[in-house]
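[1] model the structure of this input:
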Amino acid sequence: DAPERKDSWRLPEGQKLESLPRPLAMHCSRALVRLCRQAAAKGVSGGLSSNFVSRQVASPKYTPTYLSRASTFRGFSTVSNVHRDTPDNNPDIPFEFTDENYEKLQKILKKYPANYKQSAMIQALDIAQIQNGGWVSLSAMNKIAQILEVPPMRAYEVATFYTMFNRSPIGKYHVLVCVTTPCMIGGSDDILAVLEKHLGIELGDTTEDGLIT
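    You can find the predicted model right below:
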């Protein structure tokens, strides 16, 4: 409702806030943290005015690191919850537990009442991930849903909620870096930059030798 200003930052005409992609919200929070850092460095006391924030975020001189990683974040298994079929991950690729793992899962199921098989969802996903080399395929989630007698969506919900479940292939060693706002304040961007430079990859990528993600 504020009067229109040339230096204000606004949504495009007809654009609704709820229709914006999730990464934009992350970008905004990171942008505000950077502005707070700048203000602290300049000795600015008190809060930042909305006009100041609007001018800085819209400034062509302000280029947050996140913008250069937008496409990478969309492909990162702990960020994007949208599945797209790929040659190595689609429902046509069969998945079966090994005899040993199936027996292990059956022992876990015996701990729960027959009508609460879904309580073993996390354990089942974990077993599948270990068997599958560090990630859970769509076929594996479908197989788990069949065994636990629940709709496939129940398996998808758990696999997409917990960041320790990887839904795309990863390297032998999976290096995790916290990129939330509190971690960024503590200097996680600097750590991430050093790792990316040393490994020659960006967040979410895997080295050519398949060793590190």
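
[2] only C-alpha atoms from now on, for both contacts and neighbour counts.
    Fine.

[3] which pLDDT value belongs to the closest residue to residue 169 other than its chain neighbours?
    Counting by Cα to Cα, 6 or more residues apart in numbering, residue 135 is the residue found nearest to residue 169 once chain neighbours are left out, at 5.7 Å. Predicted confidence (pLDDT) for residue 135: 93.

[4] mind checking how far residue 135 is from residue 193?
    Residue 135 sits at a distance of 25 Å from residue 193 (criterion: Cα to Cα, to the nearest Å).

[5] the helices in this protein, which residues?
    With helices called from DSSP state H, the chain shows them at 22-41, 50-58, 70-75, 99-109, 121-131, 138-148, 152-161, 181-185, 188-199.

[6] before we move on, back to that, give me the neighbour count for the residue nearest to residue 169.
    By the criterion of other Cα atoms under 10 Å, residue 135 has 22 neighbours.

[7] renumber starting at 499 from here on
    OK, 499 is where the count begins now, so the last one is residue 633.

[8] I figured it hits residue 624, correct?
    No. Using Cα atoms under 8 Å, residue 633 makes no contact with residue 624, being 9.0 Å away.

[9] got a list of what residue 616 touches?
    Residue 616 makes contact with 646, 647, 648, according to Cα atoms under 8 Å, 6 or more residues apart in numbering.

[10] by neighbour count, which of those wins?
    residue 646 (22 neighbours).

[11] for that one, what are its contacts?
    With Cα under 8 Å, 6+ apart, residue 646 has these contacts: 615, 616, 618, 619.

[12] any idea which of those is closest to residue 673?
    Distance to residue 673, by Cα to Cα, is smallest for residue 619 among the contacts of residue 646, at 24.9 Å.

[13] I figured that closest one hits residue 651, correct?
    No. Here residue 619 does not reach residue 651: they are 11.8 Å apart, not a contact under Cα under 8 Å.
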